[in-house]
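Visitor: Quick one, fold the following:
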Amino acid sequence: MGEGKGRLDVESEQMSVAGDLRPRKGDRRDGDPSSAQLLEAVPDAMLVVDADGLILMVNSRFEQLLGWSQADLLGKNVEIFVPERFRDGHPEHRAGFMRHPEFRPMGAGLELYALRRDGTEFPAEISLGAGRAVPDQPLLSVVIRDVTERHDIEKKFRRFVESSPDAVVIADLAGTIVIVNTQTERVFGYERAELLGQSVEMIVPQELLDRDPANHALFFASPKVQQMGSGLELHGRRKDGTQFPIEISQSPLQTEAGLLVSSAIRDVSHRHRADELRSRLAAIVEGSDDAIISTTLDDVVTSWNAGAEALFGYSEQEMLGRPLNLLLPPDRAEEDTELLVQLQRGDRIRHRDSLRRTKAGRDIVVSMTVSPIRDALGVLIGGSKVARDITERKNAELALAAAKDSAETASREFEAFSYSVAHDLRAPLRALDGFSQRLIERSGDLLDEVGRGHLQRISESAQYMAELIDSLLLLARISKRELVREAIDLSELAEQAINRLRIAAPDRSVEVTIHPGLIDQGDRGLLTIVFENLLGNAWKFSRREATARIEFGCDPCEAPVTYFIRDNGAGFDMEYAAKLFGVFQRLHTVREFEGTGIGLATVQRIIGRHGGRVWAEGAPNQGATFFFELDNKEQ
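Guide: Numbering: from 1, shown residues only. Predicted structure coming up:
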C-alpha cells in the first residue's frame with residue numbers, strides 16, 4: 001500500500017453512499033437511485049458489500065481500475081480483488097470491522113495491494129465506511145485508490161530524502177503532500193500517514209497564511225529554485241500547534257508523474273536561541289563598566305568595548321588590530337609573556353593584578369580575568385580579558401596596611417611602655433604601702449590618731465594605685481587578645497561569679513536569681529571578665545539594702561537576644577548614663593563605693609569585640625539594670 005488517507009471529499013461521499021444505500025426488497029444487488037448516483041460521483045473506485053463480504057454495488061471507476069464489469073462482481077465475494085497472500089486474514093478483518101463499524105482510513109504504515117482481473121497487482125490505498133440498508137443488515141463501503149505513481153515516486157526518491165538531515169516534503173502542484181522523510185515526522189510531530197495526501201498548509205501557521213495567502217499559490221503555479229528564510233520570519237507548525245522558526249529551500253522536481261515541488265525544511269530554533277544569547281551577551285558587554293577585550297592567541301585586539309574605551313582612553317578604532325601590550329608601561333613590556341603562554345595553553349587566569357598605562361599616560365592598577373575563546377569545533381582561537389580599575393582599592397589597601405603597621409608598632413611600643421611603667425610604678429608603690437604598714441606596726445603608739453590616719457591613707461592610696469595599673473593593663477590586653485568563639489553556658493559563668501563573691505563576703509545575704517540554660521557564642525575568658533564586673537557592681541552597689549536582690553536573665557523575644565543583670569541597689573541618674581562606660585568615669589566617690597572606674601569601660605570593650613553592645617538604665621536609690629547583646633552573625 002502507499003501511505004496516506006483518502007481526501008476528505010471522497011470520505012464524505014463514501015460515508016453518504018454507505019449510509020443512504022437502500023436495496024430493493026429481495027434484491028441484494030440493487031440500491032435506490034440516489035445511492036447509485038452518489039456512488040458514481042466518487043472519483044475513486046468504490047464498492048459496497050454486506051456483512052458476508054458479498055458485493056452489492058460497484059461504480060464505473062472500479063470497473064476501469066480493476067478490469068471487472070459490474071456483472072462480473074455483483075454477488076461475488078469481495079476477496080476476488082484481494083491478492084491471494086492476503087486472503088487468509090481478510091475475513092477476520094472484515095468481521096472485526098462489522099463488530100465495530102466506524103470510518104477507517106487504511107494504509108497507515110502498511111503495504112496494501114489490490115488484484116486486477118488479469119492477475120496483476122498494484123499498490124492501493126483503501127478506506128472503509130459503515131452503513132445499513134435495513135436495521136439488521138450492516139453494509140461496508142470500500143474506497144480503493146491506485147497509488148502506483150506515488151509509490152513509484154517514493155521508491156525513487158526514498159533514499160534521497162531519507163539521507164537528508166533536514167525535513168523533506170515533496171508535494172504536487174496542487175500543494176498536496178506526496179512524500180515526506182523520517183526527519184519530517186520528528187520535526188513536525190506527525191506520523192507519515194497523517195501527512196501524505198494532505199495540503200502543505202497543515203504545517204504552516206494560520207497567521208502566516210492569512211498574512212501572505214498568495215505566496216504559497218504563487219510558488220506552486222510557477223515553481224523555481226529559491227532559498228527561503230534569509231531576512232524573513234518563517235515558522236513551521238507542529239502537530240501540537242506550537243510554532244518554531246524554520247528555513248526552507250524549495251526547488252521544482254520533474255518526475256514521470258509530472259512536476260513536483262521539493263522543500264527542505266530546517267529547524268533553526270537552536271540558531272535563533274544562539275542569536276538571542278549573542279545579542280544579550282553583546283548588550284551586557286557594551287553596557288559593562290568593566291573593560292572587556294577579545295584578542296588573538298598573539299594578543300592582538302579583535303574587540304574593544306565601551307568600558308575599555310572609558311578605562312584606557314583609546315577608541316575601538318585605535319585598538320583593533322593592535323597588540324594589547326600597548327597598554328603596558330615601557331619598563332614592563334615583557335610582563336605579560338607568561339600570561340600569553342598560559343592563554344596559548346588554554347588556561348584560565350583569575351583576578352591577576354597588573355599595572356597598565358592609559359592613553360593619557362596615567363598608570364592604573366587593574367584586576368584581570370583571562371578566559372580562552374574556542375570556536376564551534378573546540379579549537380582555541382583567542383582570549384577574552386575582563387579588566388577592572390582597582391587603583392583606588394589598592395591605594396586604600398596600601399594606606400590600610402601602612403596604618404596597620406603603624407598601629408601595630410604603636411601597640412608594641414605602648415605595650416612595652418605599659419609594662420615598663422607598671423614595673424617602675426609597682427616598686428615604689430609597694431615601698432609606700434610596705435613602709436606605711438611597718439610604721440603603723442612599729443611606731444603607731446608614738447603617733448596620735450591623725451598621724452596613724454595619714455599613714456593608713458598612704459597605704460590605701462598605694463594599693464588603689466596598684467589596682468588602677470592592673471586594670472589599665474587588663475584593658476590594653478583585651479584589645480590585643482585574639483577572640484576565640486565557642487558555645488558557652490552564660491548561666492554557669494554567672495553562677496561561678498556569684499560563688500566567688502559569696503566566698504569573698506560570707507557575711508552578705510543576697511537573693512540571687514539566675515535564669516538557667518542561657519547558651520550563646522563567645523570568648524569564655526573575656527565573658528568571664530564581663531560577669532565579674534557586672535555582677536561585682538550589682539553586689540557592691542546593693543550592699544546597703546536590707547534585702548539585696550540580683551537577677552541575671554534574658555528577653556527571648558528580642559533579636560538578637562538581650563541579656564540583663566539587675567539589682568535593687570544605689571542606682572544612678574540617667575542624666576549621667578553616658579559617663580558610665582568611660583575610663584575613670586565614676587558616679588560615686590571612692591569613699592562611697594570602692595573601685596577604679598575602669599570596669600565598665602572594660603565590659604564595653606569586650607562586648608564591642610563580640611560585635612554587640614551594652615547599655616544601662618537606672619534611677620537614684622532604685623537600682624540599675626545593665627543590658628548587653630552578643631552578635632552571632634559569624635555563627
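
Visitor: Please tell me how far E125 sits from G197.
Guide: Distance of E125 to G197, computed by C-beta to C-beta, to the nearest Å: 8 Å. C-beta coordinates here come from the backbone N, C-alpha and C atoms, glycine included.

Visitor: more neighbours, these two?
Guide: Using other C-beta atoms under 10 Å as the criterion, E125 and G197 rank with E125 on top: 28 against 22.

Visitor: strand partners of the host helix or strand of the more buried one, parallel vs antiparallel please.
Guide: For E125, the host element (DSSP states H and E) is strand 121-134. Each strand paired with strand 121-134, and its direction, by DSSP bridges: strand 104-105 (antiparallel), strand 113-115 (antiparallel), strand 137-146 (antiparallel).

Visitor: Determine which stretch of the ones you listed is the most buried.
Guide: Among the strands paired with strand 121-134, strand 137-146 has the highest mean neighbour count (mean count of other C-beta atoms under 10 Å), at a mean of 23.

Visitor: next SSE after it?
Guide: helix 148-162.

Visitor: the inter-axis angle of the helix or strand following that following helix versus helix 148-162?
Guide: Tracing the chain C-terminally past helix 148-162 and defining elements by DSSP H and E, one meets strand 167-172 next. Between strand 167-172 and helix 148-162, the angle comes out at 150 degrees (axes from the mean of the first three to the mean of the last three C-alpha atoms, to 10 degrees).

Visitor: What average pLDDT does strand 167-172 get?
Guide: Here strand 167-172 scores 87 as its mean pLDDT.

Visitor: Which residues does it contact?
Guide: Contacts with strand 167-172, where a contact means C-beta atoms under 8 Å, 6 or more residues apart in numbering, come from 153, 157, 161, 177-181, 183-184, 186-188, 195, 200, 203, 220, 253, 258-267.

Visitor: Just the CA trace of that strand, in PDB.
Guide: What follows is strand 167-172, C-alpha atoms only, in PDB (Å, rounded to 0.1, in the frame of the first residue of the first chain):
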ATOM      1  CA  ALA A 167      12.800  17.600   6.900                       C
ATOM      2  CA  VAL A 168      12.000  17.000   3.300                       C
ATOM      3  CA  VAL A 169       8.400  17.400   2.000                       C
ATOM      4  CA  ILE A 170       7.600  16.700  -1.700                       C
ATOM      5  CA  ALA A 171       4.200  18.000  -3.000                       C
ATOM      6  CA  ASP A 172       2.400  18.200  -6.300                       C
END
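
Visitor: what's whatever helix or strand comes next after it packed up against?
Guide: Downstream of strand 167-172, the first helix or strand assigned by DSSP H and E is strand 177-180. Where contact means 3 or more C-beta pairs under 8 Å, 6 or more residues apart in numbering; DSSP states H and E, strand 177-180 is packed against helix 148-162, strand 167-172, helix 192-195.

Visitor: which neighbours does strand 177-180 have in its sheet, and in what orientation?
Guide: Strand 177-180 pairs in its sheet with strand 167-172 (antiparallel), by DSSP bridges.

Visitor: rewinding a little: buried set for the strand holding E125?
Guide: 122-131, 133 (16 or more other C-beta atoms under 10 Å).

Visitor: how far does it sit from the chain's center?
Guide: With C-alpha atoms, centre = their mean, to the nearest Å as the basis, strand 121-134 stands 57 Å off its chain's centre.

Visitor: for the record, mean pLDDT for that strand?
Guide: 75.

Visitor: helix, strand or coil for the spatially most central residue of the chain?
Guide: Nearest to the mean C-alpha position of the chain, by C-alpha atoms, centre = their mean, lies L277 at 15.9 Å. When classified by DSSP: H, G, I helix; E, B strand; the rest coil, L277 comes out as helix.

Visitor: Kindly provide the distance from G553 to E276.
Guide: Distance from G553 to E276, by C-beta to C-beta: 62 Å.

Visitor: Please say which of these two ends up with more neighbours.
Guide: With neighbours defined as other C-beta under 10 Å, G553 and E276 compare such that G553 has more, 17 against 10.

Visitor: between the helices and strands packed on strand 177-180, which gets nearest to I293?
Guide: Of all the helices and strands packed on strand 177-180, strand 167-172 sits nearest to I293, with 41.8 Å by C-beta to C-beta.

Visitor: follow-up on the earlier one: would you mind saying which of the strands paired with strand 121-134 lies nearest A51?
Guide: A51 sits nearest to strand 137-146 of all the strands paired with strand 121-134, at 5.2 Å, using C-beta to C-beta.

Visitor: ok so, going back, which of the helices and strands packed on strand 177-180 is buried the deepest?
Guide: Mean neighbours per residue, mean count of other C-beta under 10 Å, is largest over the helices and strands packed on strand 177-180 for strand 167-172, with a mean of 22.

Visitor: Which helix runs longest in the chain?
Guide: Counting residues, the longest helix found in the chain (DSSP state H) is helix 391-443.

Visitor: Who are the packing partners of it?
Guide: strand 363-374, helix 449-480.

Visitor: Now do that helix and strand 363-374, the angle between them.
Guide: If you take the same axes, to 10 degrees, helix 391-443 sits at 120 degrees to strand 363-374.
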